[in-house]
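Asker: pasting the sequence and the predicted coordinates here, then a few questions.
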Amino acid sequence: MRERRILFVLIALGILSSAELFVILTTIAPSGADKQVLWLLFVCLFTSVSIGLSLVWHPVKQTIHRSERVSRLSSLRQTALISLVLTLVLLFRSLSIFSLWDIIPLAISAILIEFFFQADKTSLTPHESE
């Protein structure tokens, strides 16, 4: 039951942010937009891409890892990292403070963050001597 609530909230938030993103892209010219509108554009882009990818990525991960239970939060975290990199690249490119070579360290840092979350933390705990 809790899984269905989370899924409903994610779908509703994804639909709302995608609709707002569509409205911004079709009605406002980027050259004459306020800073608030551009921030709203990038926030809506982040949420809609993150949730949309999560709704696609989670079933794919479940079919790949049939023997294990896959957490929806891990899928959401992975897609949030991907969409964060995408959104930051587009934001910095729109502000002209980002070159294409800066994408590489940004992507590597997102991969390292994901490796941190995937790491087995049991080997870091101190063992009691017998």
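Answerer: Noted; the coordinates are in hand.
Asker: check what pLDDT Pro126 gets.
Answerer: Model confidence at Pro126, given as pLDDT, is 65.
Asker: residue nearest the centroid of the chain?
Answerer: Using C-alpha atoms, centre = their mean, the residue of the chain that lies closest to the mean C-alpha position is Ala80, 1.4 Å off.
Asker: how close does that residue get to Thr47?
Answerer: 9 Å (C-beta to C-beta, to the nearest Å). No exception for glycine: its C-beta is placed from N, CA and C like everyone else's.
Asker: any stretches of the chain with poor pLDDT?
Answerer: By pLDDT under 70, the weakly predicted segments of the chain are 70-73, 120-130.
Asker: run the last query once more with 90
Answerer: The model of the chain has pLDDT under 90 over residues 1-11, 24-25, 28-39, 51-80, 88-107, 110-130.
Asker: returning to what we had before: I'd say the residue nearest to the centre of the chain and Gly52 touch.
Answerer: No: the criterion here is C-beta atoms under 8 Å, and Ala80 misses it with Gly52 at 11.5 Å.
Asker: residue boundaries of the helices in this protein?
Answerer: 2-27, 35-64, 72-94, 103-118 (DSSP state H).
Asker: check which helices and strands the shortest one is in contact with.
Answerer: Looking back up the chat, that one is helix 103-118. Judged by 3 or more C-beta pairs under 8 Å, 6 or more residues apart in numbering; DSSP states H and E, the packing partners of helix 103-118 are helix 72-94.
Asker: buried ones in the helix it packs on?
Answerer: 72, 74-89, 91 (16 or more other C-beta atoms under 10 Å).
Asker: just want the angle from that helix to helix 2-27.
Answerer: Interaxial angle of helix 72-94 relative to helix 2-27 (axes from the mean of the first three to the mean of the last three C-alpha atoms, to 10 degrees): 20 degrees.
Asker: and the contacts of helix 72-94?
Answerer: Contacts of helix 72-94 with the rest of the structure, by C-beta atoms under 8 Å, 6 or more residues apart in numbering, involve 3, 6-7, 10, 30, 38, 42, 45-46, 49-51, 53-54, 57-58, 61, 98, 102-103, 106-107, 110, 113-114, 117.
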